[in-house]
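**Q** 3D model of this:
(2 chains)
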Amino acid sequence: MAASLQGWSQPAEAFENVIIHTADGEVVDGGTIVWRDGIIRSVGPEEEVTIPFDAYVRDGGDSLHVYPGFIDGMALWGSPDTDGPGGTPDEPGNPGYKRAGIQPQRYPSEHLKANDQALEKAAEMGFTTAALGLKGQMLPGQVDLFFIRGKQTPDNLLEEGVGVLAQFKEAKGPAYPSTTMGLMAQFRQLFYDAEALHRQQEYFASVSSSYPAPQKEKELEALYPVMKQKQPFFFVADSKENIERVLWLQDELGFDMVLVSGKEAYTKAQELRRREIPVLAGIDLPEKPDWMSTDDDGKDEKDRDTQPAEVTEEMQHFRERQQQAYKERINNINTLRESGVRVGYSSNGFNTSAIRKNLLILKEESGMNESQLLNILTQSTADILGYGQRLGDLEEGRLANFTVFDNPFTEEKAKGLFSVSNGEVTELDSESSN
Amino acid sequence: MRTFLKFFISGFLLVVIVVTAGVAQFTEKAEFGKFAITNATIHTVSDGVIEHGVVLINGETIEFVGKNAKITSDYHRINAAGKHLYPGFMDAGTQLGLQEIGAVAVTKDQAELGEFNPHVRAFTAINPSSVSIPVTRVNGVTHVVSLPVSGRLSGKATLIDLYGYSPDSMAVSPNAALHLNWPTAQKGGAGDQRSEEEVEKAYKKNLKELNEFWDRAVFYDDMMMSYEEGSADKEAPDTHKKLEAMREVLSGDIPVMISVDRKQDILNALEWTKKHPDVHFILAGVQEGWRVADEIAEAGLPCLVSTLFTPERAYDNYQRPYQNPAELHEAGVKVAIATGEIENVRNAPYHAGYAAAYGLGKEEALKAITLNAAEIFDVADRLGSIEEGKQANLFLSDGDPFEPTTHIDQVFIRGYKIPMVSRHSQLYEKYLNRGAVEH
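**A** Residues are numbered from 1 along each chain as shown, chains lettered A, B, ... in the order given. Now for the predicted structure:
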């Protein structure tokens, strides 16, 4: 919308003559989508959709593709960078919550940097909603759900505190916890302390005198909802070992959780399914070993010359192991899905510009087709965030969140033209934003 | 004695206050009623010159124009032997009444913030007590277009008489035109450090924004018309002030005044106007109009021009600004005088004078500052010439009003015989009467 008209509670809007892709893979050619007050009112083939008299209509010329807005289940866009190491605390073994990286009371909505280029870039890539976290250490803060609208994102909060971000990240510099065992102990200690404080507060409230006022500790209070399983941990873990450690903590402390990133989650697929832990998987894929890409991609002879003339048996064995590891990682999402684990998408700091390239690799090498990828980026992530009825697909009654591309989104040349987030249209102009 | 003193002091204070306030504005009231101006050389503009003619004014209206009239005793007679009677001059583009002192921000009302403000109306901001208004009218300029100037769509210009105690009493056309500052595709002179590419990019961006806003306005108008045509199942759309303000523009009820000066910009603007056939356009400024006079004439757009500006290009002849109105006229463009001034609107006759001297000729120059301007703003049925039935805006002079040495003896606005007093005349009197030995 023209900038000068912002704030106008505008009438309906519509795209007509567009190719509509739904989250379950259905494609409607010559489709129309109508939305009003941020809600999709009607979507489908032209003949089934009536455009109301007060709709501002844009014509897609039968060549533009409309996809449900992608959702990032946990992104760090707009987060301020963390402070430096901060020197040696007076008591390195007891540095205080902030210095230790324990700040679960922080809300991204209070810290977001509106001018972060990543927020613009994300819209261009097709993201219209994202759960945003903050950069930090073991407990950097809450996870807030935002409509993604470039610089206006901070003003478009959908829900605060959909989860609490947790990760195995030691405190910076010489401060406790600085080892994995320290982290594990600190997670346990925090839960015990939170529970003790909670009990004290409840008791204090129940008596009229003769009991000292408990000290207020907002860091611990922010963990109450997790402790009571009213709010999940968004736990970042990639290696098999770290995922195991998270599961130990879950057994001991009894929290709900969503596994974030989970590069080796396939190794625990059955366990994750048993525990009904969804995974917001990253697509930060491993580099393909040189010898594999040369064979596959048919590089020219000059490149081939750099390869050893003879592959020894030992080298062959190594290559097989390398190939297996690569394929397992590439197939991570697919393995999880096939095991019955709910999988969504999370960038967790991954470079937004590289998303399309890696989606292409997944499409070509993991055996997932475009609609399966689309589903993970949309409906499946919406389900995990508890917004499965409102976000993630193009159907009547859903929030009007979608992106108009000039080509199918998995094609390298695909370019976002319009981003519609909560019904507000942003014309994407990558030239001017660069 | 005490009581007397009290009365004396308060009476004295009252007199001081009244006199101080009065000096700032009027010292006498305008007369209203029936006037018979006789023996005048009447420059009707619409119907030639009448020597020793009579004009009767009854109330706000010119009742009679001609040679012989029976003048009853209830007419206040004004013997204008040796004088010239002209229709009141119109300056078709000013900021009069919107700014008092340029250096004092609180007195400036002509520039609202924001790019698209079609809903902003100059009419609502006119200061009827502006000191510049009497200064202007006593030089024969009886009505002006006053316009907001900032942003892309600055707002609605207003056409007012230069006499009245409120904007309502001064109104001729409260919404006279929508003012559009055309986005330039040219570098802004020596201080403009941008590369050609940056200039081009900025132009495209500005034009895109204008087109987007315009598209929205067209959509809004269509939507509202569809709603107004009526149907039970149509829910009333929310009104939007800015888009609502565009409706009278899109329907052609009021014109768009496009401020544009340079050759390429004028051509771009002409191209753009062709896409909106239902809208009426006026070009304003048009400093390089003479370079593309034929194209403007072909587009059929009238031009509001001044003559006092520096040519855009250093190698242009200094006479170009003076010749611009004549060259446009010659190509077939209807021209009217618009100074773009505030306190110097009083000089509007001399802009016309320059145009007359540099090729336009007195007759056409007179039209440019009277009837043409009225026609362009669709008020020629009321203003612009001395004709029966028209509003009595006229003035008497002792010579050619395009000459600075000519005196304007009497001005009538909407039938009111205006006191020939202004801040200028008051200061003149004040310092003329200063005693030689006083400090």
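
**Q** contacts, neighbours, all on C-alpha from now
**A** Noted.

**Q** Mind telling me what element the closest residue to chain A within chain B is part of?
**A** Closest to chain A within chain B is residue B:223: 5.1 Å, counting by C-alpha to the nearest C-alpha. Assigned by DSSP states H and E, residue B:223 belongs to helix B:196-229.

**Q** Which strands and helices lie in contact with that helix?
**A** Contact here means 3 or more C-alpha pairs under 8 Å, 6 or more residues apart in numbering or on different chains; DSSP states H and E; on that basis helix B:196-229 packs against helix B:241-250.

**Q** need the next SSE after the helix it packs on, C-terminal direction.
**A** Following helix B:241-250 in sequence, per DSSP H and E, is strand B:256-260.

**Q** Now the helix or strand that that following strand is followed by: buried residues?
**A** Where DSSP H and E defines the elements, the next helix or strand beyond strand B:256-260 is helix B:263-274. Buried residues in helix B:263-274, defined by neighbour count with 16 or more other C-alpha atoms under 10 Å in any protein chain shown: B:263-270, B:273.

**Q** ok and helix B:263-274 relative to helix B:196-229, angle-wise?
**A** Orientation note: helix B:263-274 sits at an angle of 20 degrees relative to helix B:196-229 (axes from the mean of the first three to the mean of the last three C-alpha atoms, to 10 degrees).

**Q** got the domain boundaries for chain A?
**A** A:1-69+A:392-434, A:70-290+A:332-390, A:292-323 (automatic domain parsing).

**Q** Same list (those) but as TSV, adding distance to residue B:129, mean neighbour count and mean pLDDT.
**A** Below are the domains of chain A laid out as TSV (distance: least, C-alpha to C-alpha, whole Å; neighbours: other C-alpha atoms under 10 Å in any protein chain shown; pLDDT from 0 to 100):
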stretch	distance to residue B:129	mean neighbour count	mean pLDDT
domain A:1-69+A:392-434	33	20	88
domain A:70-290+A:332-390	45	20	94
domain A:292-323	82	11	71
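
**Q** Redo those as CSV? Include distance to residue B:422.
**A** Conversion of those to CSV gives the following (distance: least, C-alpha to C-alpha, whole Å):
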stretch, distance to residue B:422
domain A:1-69+A:392-434, 42
domain A:70-290+A:332-390, 53
domain A:292-323, 88
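
**Q** Chain B is nearest to which of those domains?
**A** domain A:1-69+A:392-434 (5.1 Å).

**Q** Beta-bridge partners for residue B:256, please?
**A** residue B:178, residue B:281 (DSSP bridges).

**Q** remind me which residues of chain B are low pLDDT?
**A** B:1-27, B:436-439 (pLDDT under 70).

**Q** Get me the contact residues on it for chain A.
**A** For chain B, the residues in contact with chain A (C-alpha under 8 Å from any C-alpha of the partner chain) are B:114-116, B:209, B:212-213, B:216, B:219-220, B:223-224, B:226-227, B:234, B:237-238, B:240, B:242.

**Q** Strands of the stretch 301-439 of chain B, residue ranges please.
**A** Along the stretch 301-439 of chain B, the stretches classed as strands by DSSP state E, counting those that start in this stretch are B:303-305, B:335-337, B:394-397, B:408-413, B:416-418.

**Q** Summarise which helices and strands the first one is packed against.
**A** Packed against strand B:303-305, as judged by 3+ C-alpha pairs under 8 Å, 6+ apart, are the following elements: strand B:281-285, strand B:335-337.

**Q** got the angle between the first one and helix B:241-250?
**A** In other words, strand B:281-285. Using the same axes, to 10 degrees: strand B:281-285 against helix B:241-250 is 100 degrees.

**Q** got the angle between strand B:281-285 and strand B:256-260?
**A** Using the same axes, to 10 degrees: strand B:281-285 against strand B:256-260 is 30 degrees.

**Q** Give the next helix or strand downstream of strand B:281-285.
**A** helix B:293-299.

**Q** Can you pull the phi/psi pair for the closest residue to residue B:164 other than its chain neighbours?
**A** Computed as C-alpha to C-alpha, 6 or more residues apart in numbering or on different chains, the closest residue to residue B:164 that is not its neighbour in sequence is residue B:170, at 5.2 Å. When read as degrees, to the nearest 10, the backbone of residue B:170 gives phi -100, psi -10.

**Q** What is the neighbour count of residue B:170?
**A** 21 (other C-alpha atoms under 10 Å in any protein chain shown).

**Q** Show me what stretch B:332-344 is in contact with.
**A** Here stretch B:332-344 makes contact (C-alpha atoms under 8 Å, 6 or more residues apart in numbering or on different chains) with B:90-97, B:99-100, B:132, B:135-136, B:284-285, B:293-294, B:296-297, B:300-307, B:325, B:328-329, B:345, B:348, B:351-352, B:367-370, B:372-373.

**Q** Just to be sure, residue A:63 is in a strand?
**A** Yes. Using DSSP: H, G, I helix; E, B strand; the rest coil, the assignment for residue A:63 is a strand.

**Q** residue contacts, it?
**A** A:17-19, A:406-407.

**Q** now the strands for the stretch 1-150 of chain B?
**A** Going by DSSP E, counting those that start in this stretch, the stretch 1-150 of chain B shows strands at B:34-43, B:49-58, B:61-66, B:76-79, B:84-87, B:89-94, B:141-146.

**Q** Any chance of TSV for those, columns mean neighbour count?
**A** Converted to TSV, these look like this (neighbours: other C-alpha atoms under 10 Å in any protein chain shown):
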stretch	mean neighbour count
strand B:34-43	23
strand B:49-58	22
strand B:61-66	20
strand B:76-79	14
strand B:84-87	29
strand B:89-94	30
strand B:141-146	28
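
**Q** got those as a markdown table, with distance to residue A:102 columns?
**A** Output for these, formatted as a markdown table (distance: least, C-alpha to C-alpha, whole Å):
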| stretch | distance to residue A:102 |
| --- | --- |
| strand B:34-43 | 89 |
| strand B:49-58 | 88 |
| strand B:61-66 | 84 |
| strand B:76-79 | 94 |
| strand B:84-87 | 83 |
| strand B:89-94 | 65 |
| strand B:141-146 | 64 |
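
**Q** Could you point out which of the ones you listed sits nearest residue A:11?
**A** Residue A:11 lies closest, by C-alpha to C-alpha, to one member of those: strand B:141-146, at 34.5 Å.

**Q** List the contacts of residue B:260.
**A** Counted by C-alpha under 8 Å, 6+ apart, residue B:260 has contacts B:181-182, B:184, B:266, B:269, B:283-287.

**Q** Generate a PyMOL selection restricted to the buried entries among the residues you listed.
**A** To isolate the buried members of those in PyMOL, using 16+ other C-alpha under 10 Å:
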select buried, chain B and resi 181+182+184+266+269+283+284+285+286+287
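
**Q** about what we covered before: can I get the buried residues of helix B:263-274 in TSV including distance to residue A:264?
**A** Output for the buried residues of helix B:263-274, formatted as TSV (distance: C-alpha to C-alpha, whole Å):
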residue	distance to residue A:264
B:263	66
B:264	63
B:265	62
B:266	65
B:267	64
B:268	61
B:269	62
B:270	64
B:273	63
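
**Q** Would you point out the most distant pair within those?
**A** The farthest-apart pair in the buried residues of helix B:263-274, when distances are taken by C-alpha to C-alpha, is B:263 and B:273, at 15.4 Å.

**Q** before we move on, the earlier item: for residue A:156, which of the strands of the stretch 1-150 of chain B is the nearest?
**A** Of all the strands of the stretch 1-150 of chain B, strand B:141-146 comes closest under C-alpha to C-alpha, at 41.5 Å.

**Q** Skip the chain neighbours and tell me the closest residue to residue B:372.
**A** residue B:336 (5.7 Å).

**Q** among the helices and strands packed on strand B:303-305, which is nearest residue A:212?
**A** Of these, nearest to residue A:212 by C-alpha to C-alpha is strand B:281-285, at 79.9 Å.

**Q** packing partners for the closest one?
**A** strand B:256-260, strand B:303-305.

**Q** Contacts only, for residue A:78.
**A** Residue A:78 neighbours (C-alpha under 8 Å, 6+ apart): A:112-116, A:118-119.

**Q** three-state assignment of it?
**A** Assigned with three-state DSSP, residue A:78 falls in the coil class.
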